[in-house]
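>>> Kindly generate the corresponding structure for this input.
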Amino acid sequence: MKYQIDDIDKKILSHLVKNARVPFLEIARECGISGAAIHQRVRKMEENGIIEGSRFIVKPAALGYGVCAFIGVILDHAHTYKTVVKEIENIPEVVECHFVTGNYTFLIKLRCTDHQHLMDILINTMQNIPGIAKTETIIALDQLIDKPIDLSANDEH
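Presented below is the predicted three-dimensional model:
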């Protein structure tokens, strides 16, 4: 049976998404339940795959990775996608890879230090992966929206 989150779980998740380091007792006060109940609910959500750990958010530009690019990858043959994605995973600059519908097989997000670094990755790494027929690159000029999922939006649907 699939775990169904309720309004209290949504409140808990809302607090954790804003600040994963917020003390459970603070969340408990906001929700009007005990700290132990918060622990149990969080553990239950972890066990059911709703929560997957917590992590710090590192701003890539602050570390010198100021170029964000999206690469649409087209394969020679669709059945090679598993071996190709293993090669893509080994590229340190790749931060996301999605298997997508549409014109591409994969949509990849990567971070580079500058345009020369991006060009090097494209020419000397991506294009040398067996099975990749073609790539198309989109360079992000600015990130205008960066927010967690709005759990209250589900209430309207």
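
>>> Angles on the backbone of the residue most central in space within the chain, please.
Centroid-nearest residue in the chain, with C-alpha atoms, centre = their mean: residue 96, separated by 6.5 Å. Here is the backbone geometry of residue 96 (degrees, to the nearest 10): phi -150, psi 150.

>>> beta partners for the closest residue to it other than its chain neighbours?
Counting by C-beta to C-beta, 6 or more residues apart in numbering, the nearest residue to residue 96 once its immediate chain neighbours are dropped is residue 109, at 4.0 Å. Bear in mind the C-beta positions are built from the backbone N, C-alpha and C, glycine included. When bridges are called by DSSP bridges, residue 109 pairs up with residue 70, residue 96.

>>> and the residue lying closest to residue 48 once chain neighbours are set aside, which of the three is it?
The shortest distance from residue 48 to any non-neighbouring residue, by C-beta to C-beta, 6+ apart, is to residue 3 (3.8 Å). When classified by DSSP: H, G, I helix; E, B strand; the rest coil, residue 3 comes out as coil.

>>> which residues touch the helix or strand bottoming out on mean pLDDT in the chain?
The weakest-scoring helix or strand in the chain, judged by mean pLDDT, DSSP states H and E, is helix 7-18 (a mean of 91). Contacting residues not belonging to helix 7-18 are listed as 5, 22, 26-27, 30-31, 33, 38, 41-42, 45, 50-51, 54, 148-149, 151-152 [C-beta atoms under 8 Å, 6 or more residues apart in numbering].
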